[in-house]
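*Asks:* 3D model of this:
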Amino acid sequence: MNLLIDGSSLLWRSHFANKAAGRSGAATNTHLFLKSLKSYSSEYNCKNIYIAWDKKLCDEKNFRQTSTDGDYKGNRNKDDAVEVYAAQPQIHEVTQTLGCKNLYPRTMEADDIIAWLSKTLDGNNIIVTTDNDMLQLVNTRTCVFHPKKKHIIDHNNFESIVGMPVEHYLPYKAILGDASDNIRGVDGCGPVGSKRLAKKWVEKQHIDEDKVVIIEKNIKLMDLNIGYTLGGIEEELSYKEQLKQYSELKPDMGEFIKLCKEYEFNSILNDIHKWKNTFEKSCLLDFFDKLTI
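*Replies:* This next block holds a predicted model:
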């Protein structure tokens with residue numbers, strides 16, 4: 001099982017949870033991020049852990065930004081982002097000692113990396129995110145865990161939980177639009193109307209041309225299965241190169257303990273045996289895998 005963490009989503013959740021409790025600061029956000037990571041790893045007994053981030057390796061704009069004249073995600077509060085992402089370098093440093101592979105897009109986004117990983121990696125995948133856009137990635141090998149709602153959505157229960165077949169979900173989102181990403185949907189279509197129109201779209205029934213134009217444009221923006229390919233050949237090569245650099249990565253609990261002492265993560269140090277049991281298991285799994293070859 002591969003654990004695919006939406007790092008940006010988890011970091012924002014850690015930040016807001018700390019803020020609600022009257023806590024703040026990069027180290028505090030890192031500490032809560034780590035505790036959540038351990039919880040997921042323990043629960044799902046995952047051999048490989050990947051953390052995808054939105055921080056780009058290249059300053060070039062991606063096709064979503066250029067094709068919308070900068071409107072895409074143009075409503076985000078940049079001051080909040082500076083405060084939140086202050087913890088990201090520290091999280092990268094500490095999680096790497098746990099054997100986690102931190103990946104960054106060249107010009108795209110964390111969602112695109114996760115989509116690529118879910119297609120590329122061997123075995124089954126569980127994506128951890130509160131971003132409903134990633135529900136489009138659900139299939140027989142990939143499920144999504146929503147940490148706030150505490151449920152897993154897979155290909156068996158998708159329709160009963162989401163209220164539509166998985167193949168309807170992407171056109172549904174394109175019709176509804178996404179206020180958080182500043183993507184305008186089809187005028188007059190709320191959740192119910194969007195669901196009906198998505199069914200017509202999948203069944204290739206007649207839809208007014210003005211609506212077709214909007215749907216096609218939004219699908220291109222939202223389709224994570226093609227997003228990284230539209231970023232150019234360099235995008236996927238960048239992901240492959242990053243994975244190659246992690247090919248020999250193993251948990252280093254000695255270094256992890258050293259960093260926890262440096263950052264005064266005392267509650268983690270008090271339970272360090274539990275952290276060892278959780279993250280050193282990846283080494284044991286590798287060993288047993290080799291025995292079965």
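
*Asks:* please enumerate the strands of the stretch 101-250 of the chain.
*Replies:* 101-103, 125-128, 142-146, 151-153, 177-178, 183-184 (DSSP state E, counting those that start in this stretch).

*Asks:* just the CA atoms of the longest one, as CSV, please.
*Replies:* Spelled out, it's strand 142-146. Output in CSV follows, covering the C-alpha atoms of strand 142-146 (Å, rounded to 0.1, in the frame of the first residue of the first chain):
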residue,chain,number,x,y,z
THR,A,142,-6.8,4.0,-5.5
CYS,A,143,-9.0,5.3,-2.7
VAL,A,144,-9.3,8.6,-0.9
PHE,A,145,-9.3,9.1,2.9
HIS,A,146,-10.9,12.4,4.0
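
*Asks:* other residues contacting it?
*Replies:* Contact with strand 142-146 is made by 40, 44, 118, 124-130, 134-135, 137-138, 151-155, as judged by C-beta atoms under 8 Å, 6 or more residues apart in numbering. Where you see a C-beta, it was placed from the backbone N, CA and C, and this is true even at glycine.

*Asks:* only whichever of the residues you listed are buried, select them in PyMOL.
*Replies:* Buried members of these, defined by 16 or more other C-beta atoms under 10 Å, are picked up in PyMOL with:
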select buried, resi 40+44+118+125+126+127+128+129+130+134+135+137+138+152+153+154
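
*Asks:* coming back round to it: including distance to residue 194 and mean pLDDT, could the strands of the stretch 101-250 of the chain go into a markdown table?
*Replies:* Formatted as a markdown table, the strands of the stretch 101-250 of the chain follow (distance: least, C-beta to C-beta, whole Å; pLDDT from 0 to 100):
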| stretch | distance to residue 194 | mean pLDDT |
| --- | --- | --- |
| strand 101-103 | 32 | 97 |
| strand 125-128 | 23 | 96 |
| strand 142-146 | 20 | 96 |
| strand 151-153 | 19 | 94 |
| strand 177-178 | 8 | 90 |
| strand 183-184 | 13 | 89 |
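
*Asks:* nearest to residue 248, of these?
*Replies:* strand 101-103 (11.3 Å; C-beta to C-beta).

*Asks:* so what are the sheet partners of the closest one and their directions?
*Replies:* strand 48-52 (parallel) (DSSP bridges).
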